[in-house]
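A.B. asks: Everything below, folded, please.
(one chain, ligands or ions: 1)
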Amino acid sequence: MSKIFVDACFGKETPYTPVWMMRQAGRYLPEYMKVRAEAGNFLNLCHDPKRAAEVTIQPLDIVGVDAAILFSDILVIPDEMGMDLEFIKGEGPKFNDPLSTQEDLDRLLGGEEAASKLTYVYETIELLREQLDARGDEKALIGFTGAPWTLATYMIEGQGTKTYNICKKMMYSNPELLHKILRKVTEVVKLYMEKQIQAGIDVVQIFDSWAAAIEPGKYDEFSWSYMVEIAEYLKEKYPHIPVIMFPKGIPAFLDKVYGNFDVFGVDWSTPMSLAKEKLGDKYVLQGNMEPCRLYSKEATTHCVEVIQETMGTKRHIFNLGHGILPDVPVENAIHFVKECQRVSKK
Ligand code: CP3
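C.D. replies: Predicted coordinates for the structure are as follows:
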């Protein structure tokens, strides 16, 4: 039996349109908070394959989604390249020694050396593969990476940013160095995703969460071309593994989207009808409910019905247009998933 989620990624007929939520394993679930407390903190949880597998599975049972997404973080990649990641309570991720020169970059591990340090991720996937196969419910396992650009924003700024001024200073005054950073990260990510596939994931998603920080005319040069290179490297070797691209917040780039991948993730600021018109023939579309609609069941149902009307029952995967927020009531998340499955049932 093939997995409905994988079938949907390839645009095949499915009994209903599958659904999952970005950030579905996380703080809105009391069961997640319990396991995180046992692990001590978030990074320990990422490093603990047994517990990471446990929280990956939680949303399948609690919320009823059609795919699990590996529990980890995009920032474990620069961490293992040698950047020393910390999560500071109330502030988010932090690298104490951000990159600003060629020497800083030269000190980081690259390629196979960095990718082979992420063993806890591959062990989590192996455990999940066993557990998911044993359940026999044919739910897919999504592995993921950050896009080189999104990773580089943290590596250069040292933390999250509203202005991206340090990376943009580099983009306009020393683009060669920014390209060298993106190149080194790209080479690690290719091998990292290949190892995730070998460990047992069914689908790849590349998150470019901070795509919108780049002016549209520069987006291809500094982000999309690297994402496509990763996607095409994987598609060439593993054509049976669907690749989902999620560049957040760049509707102006829709006309220029190219590359060999399977699913285009539509963020909540881009109308689904526009994405369908521009990309619907070439790619399966995923998305795109505004995550804050989850605060109201009525607002959720309305949006699910509108998306359903726009997309029909083919070449679509339901999702949010970005991650679920920590204060969303669990019952509203369950409602979203049920509504997606209800309105699309054939
Ligand atoms: O359920 C899932 O989606 C899988 C797990 C997952 C996490 N992070 C767990 C997490 C995934 C896919 C990510 C990706 C990620 N991490 C992205 C791209 C996706 C997106 O949302 O745009 C980014 C930009 C990061 C970096 C990151 N990690 C930030 C900025 C933060 C702090 C902000 C926040 O939400 O707290 C994290 C922490 C993080 N990653 C948490 C979780 C569950 C919260 C940690 C906690 O438990 O306190």
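A.B. asks: Enumerate every residue touching V65.
C.D. replies: Contacts for V65 (CB atoms under 8 Å, 6 or more residues apart in numbering) come out as V19, W20, M21, Q24, P59, K139, V337. For every residue, glycine as well, the C-beta is placed using N, CA and C.
A.B. asks: May I ask you to confirm that the second one is in contact with L60?
C.D. replies: No. The criterion here is CB atoms under 8 Å, and W20 misses it with L60 at 9.3 Å.
A.B. asks: Could you name every residue contacting both of the two?
C.D. replies: Shared contacts of W20 and L60 (CB under 8 Å, 6+ apart): A68.
A.B. asks: And the contacts of V65, which is closest to the ligand?
C.D. replies: When these are ranked by distance to the ligand (CB to the nearest ligand atom), Q24 comes first, at 4.6 Å.
A.B. asks: State the distance from the residue nearest to that closest one when sequence neighbours are not counted to A25.
C.D. replies: Nearest non-adjacent residue to Q24, counting by CB to CB, 6 or more residues apart in numbering: P59, 4.2 Å away. Look at P59 and A25: by CB to CB, to the nearest Å, they are 6 Å apart.
A.B. asks: shared neighbours of these two, anything?
C.D. replies: Joint contacts of P59 and A25 (CB under 8 Å, 6+ apart) are A68.
A.B. asks: list the contacts for E157?
C.D. replies: P98, Y164, I166, C167.
A.B. asks: Thought A213 was touching the second one, still the case?
C.D. replies: Right, Y164. Yes. Between Y164 and A213 there is a contact under CB under 8 Å: 4.4 Å.
A.B. asks: W20 and L60: who's more crowded?
C.D. replies: W20 (26 against 20; other CB atoms under 10 Å).
A.B. asks: Quick one: name the residues of the stretch 201-346 of the chain near the ligand.
C.D. replies: Contact residues (CB under 6 Å from any ligand atom) of the stretch 201-346 of the chain with the ligand: F207, S209, G323.
A.B. asks: Can you tell me which of those are buried?
C.D. replies: F207, S209 (16 or more other CB atoms under 10 Å).
A.B. asks: Out of the residues of the stretch 201-346 of the chain next to the ligand, which sit inside helices?
C.D. replies: Secondary structure defined by DSSP state H assigns none of these to helices.
A.B. asks: quick one: which of the residues of the stretch 201-346 of the chain next to the ligand is nearest the ligand?
C.D. replies: Distances from the ligand to these, taken by CB to the nearest ligand atom, are shortest for S209, at 3.1 Å.
A.B. asks: Could you export the helix or strand of the chain at the bottom of the mean pLDDT ranking as PDB, keeping only the C-alpha atoms?
C.D. replies: Every helix and strand of the chain was ranked by mean pLDDT, DSSP states H and E. The lowest is strand 85-88, at a mean of 94. Provided in PDB are the C-alpha atoms of strand 85-88 (Å, rounded to 0.1, in the frame of the first residue of the first chain):
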ATOM      1  CA  LEU A  85      24.100  26.800  19.200                       C
ATOM      2  CA  GLU A  86      22.200  27.900  22.300                       C
ATOM      3  CA  PHE A  87      18.500  28.500  22.800                       C
ATOM      4  CA  ILE A  88      18.000  31.300  25.300                       C
END
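A.B. asks: The most centrally placed residue in the chain pairs with what?
C.D. replies: Centroid check for the chain by CA atoms, centre = their mean gives F207 as the closest residue, at 4.1 Å. Note on F207: beta-bridge partners G146, F246, judged by DSSP bridges.
A.B. asks: so what's it scoring on pLDDT?
C.D. replies: For F207, the model assigns a pLDDT of 98.
A.B. asks: For P18, see how far away K3 is.
C.D. replies: K3 is 9 Å from P18, by CB to CB.
A.B. asks: and if you look at K282?
C.D. replies: Distance from K282 to P18, by CB to CB: 20 Å.
A.B. asks: Looking at the two, which is more packed in?
C.D. replies: P18 (27 against 13).
A.B. asks: Hmm, the more buried one is touching T313, no?
C.D. replies: No. Using CB under 8 Å, P18 is not in contact with T313, being 11.3 Å away.
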